[in-house]
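Chemist: here is a sequence together with a model predicted from it:
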Amino acid sequence: MGYEIILFDADDTLFDYPRAEEHALSSVFRHIGIEESLARTEETDSYTFRYKQINSGLWKELEQGRVTTTELKVARFRRLFEGDAAFTIDADEISDRYLGFLGEGHFLFDGAEAVIRNLAKRYRLAIITNGYKDVQLSRIARSGLANCFEQVIISEEAGYQKPHTGIFDYAFEKLGYHDRSKMLIVGDSLTSDMQGGLNIGIDTCWYNPTGKSNGTAVQPKYEIRSLDELYRIVEPQIET
C-alpha cells in the first residue's frame, strides 16, 4: 500500500481528552467558586454535566458550519451560566482561563508514545485536529512528541474544521505533498476524521478502542482497537 504520510487526530486518538477536560473544568470551576461536589458530579443538574451537553452540541454545530471556533469557546460558558442567579461571570474571561487549563492536559493514552516514536522513524507524521491553536500546541509540546510530527494542522489556524476538505487542502500545502494514494488518516470520529478522509479521497483508519457499532453510512477502510494495530496496516514487518 506504500503509505508515506500518516495524519493523526489528536483528541481521543492520541490524547485522553476527557481527562484533560476534567482537569480544566475542575480548575476553572474552583476559580469561580463553585463547590467541587456541584462541579464534578455527573448528575444531570451539575455544572459539569450541563457543560458537556452544551459543549458537545456546539462542536456538532461547528462541524456543520453553524458556529465559528471563536463563537464556540465563549458561547459554551455563556449558555452554561445563562439565567443562573448564583454566579455572574465574564464568559470571555472564563473561556480564556479554561483554555489555559486545558492546554496543561497533555495526557497520552497508554501505548500512544511508543507507537508514534516507532512510526516516526519510517513515515512522515502530522497531526490534523479541530481545536484551538494555543491549546493544542501546548499539549503536544508538553507531551514530548512535538518533534515526531512534521506539521500540526489546527482548524483555528486553517480556517476550516474536519470534515471540510479545506483543512486537508491546507495540510497538503503545509506538507508540500499531494499524492493522496500514499496518505492515511487515523482518528476516532466517524463524522469528523473518517468522513473528512473520505471527502478528500485518502484512506481512513477508524480508531475504535471500545468496539462501538457503526450505524452510519461512513465506512472506513480499516478499523483498529489499539494503536499498535497500525503496524500491520502500514507495514507488517515494522520493528516495535
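Modeler: Right, received. Where do you want to start? Numbering: from 1, shown residues only.

Chemist: by mean pLDDT, point me to the weakest helix or strand of the protein.
Modeler: helix 36-40 (a mean of 62; mean pLDDT, DSSP states H and E).

Chemist: which is the next helix or strand following that helix?
Modeler: On the C-terminal side of helix 36-40, the closest following helix or strand by DSSP states H and E is helix 47-63.

Chemist: may I see the buried residues of that following helix?
Modeler: 47-48, 50-52, 54-55, 58-59, 62-63 (16 or more other C-beta atoms under 10 Å). All C-beta spots, glycine's among them, are computed from the backbone N, C-alpha and C.

Chemist: ok, now stretch 104-115?
Modeler: Applying 16+ other C-beta under 10 Å to stretch 104-115 flags 105-109, 112-113, 115 as buried.

Chemist: can you check stretch 18-25 too?
Modeler: 20-22, 24-25.

Chemist: run a quick neighbour tally on Ala10.
Modeler: 22 (other C-beta atoms under 10 Å).

Chemist: please apply the same query to Tyr222.
Modeler: Tyr222: 16 neighbours (other C-beta under 10 Å).

Chemist: repeat that for Asp203.
Modeler: Count around Asp203 with other C-beta under 10 Å applied: 20.

Chemist: quick check: bridge partners of it?
Modeler: Leu184 (DSSP bridges).

Chemist: and it, what does it touch?
Modeler: Contact analysis of Asp203 by C-beta atoms under 8 Å, 6 or more residues apart in numbering lists 1, 3, 183-185, 197, 221-222.

Chemist: that older thread, and the two most separated of the buried residues of stretch 104-115?
Modeler: Gly105 and Val115 (19.9 Å; C-beta to C-beta).

Chemist: who are the contact partners of Trp59?
Modeler: Counting by C-beta under 8 Å, 6+ apart, Trp59 has contacts 72, 130.

Chemist: make it 10 Å
Modeler: Residues in contact with Trp59 (C-beta atoms under 10 Å, 6 or more residues apart in numbering) are 67, 69, 72, 76, 130-131, 161, 189, 192.

Chemist: how close does it get to Leu72?
Modeler: 7 Å (C-beta to C-beta, to the nearest Å).

Chemist: domain map for the protein?
Modeler: 5-16+108-234, 17-102 (automatic domain parsing).

Chemist: out of those domains, deepest packed?
Modeler: The highest mean neighbour count among these, using mean count of other C-beta atoms under 10 Å, belongs to domain 5-16+108-234: a mean of 19.

Chemist: that domain: end-to-end distance?
Modeler: Across domain 5-16+108-234, the terminal residues are separated by 10 Å (C-alpha to C-alpha, to the nearest Å).

Chemist: swap in stretch 145-161?
Modeler: Span of stretch 145-161 from end to end, C-alpha to C-alpha: 23 Å.

Chemist: and the gap between Ala24 and Ile94?
Modeler: 11 Å.

Chemist: excluding its backbone neighbours, what's nearest Arg19?
Modeler: Excluding its sequence neighbours, the residue lying closest to Arg19 (C-beta to C-beta, 6 or more residues apart in numbering) is Phe107, at 4.6 Å.
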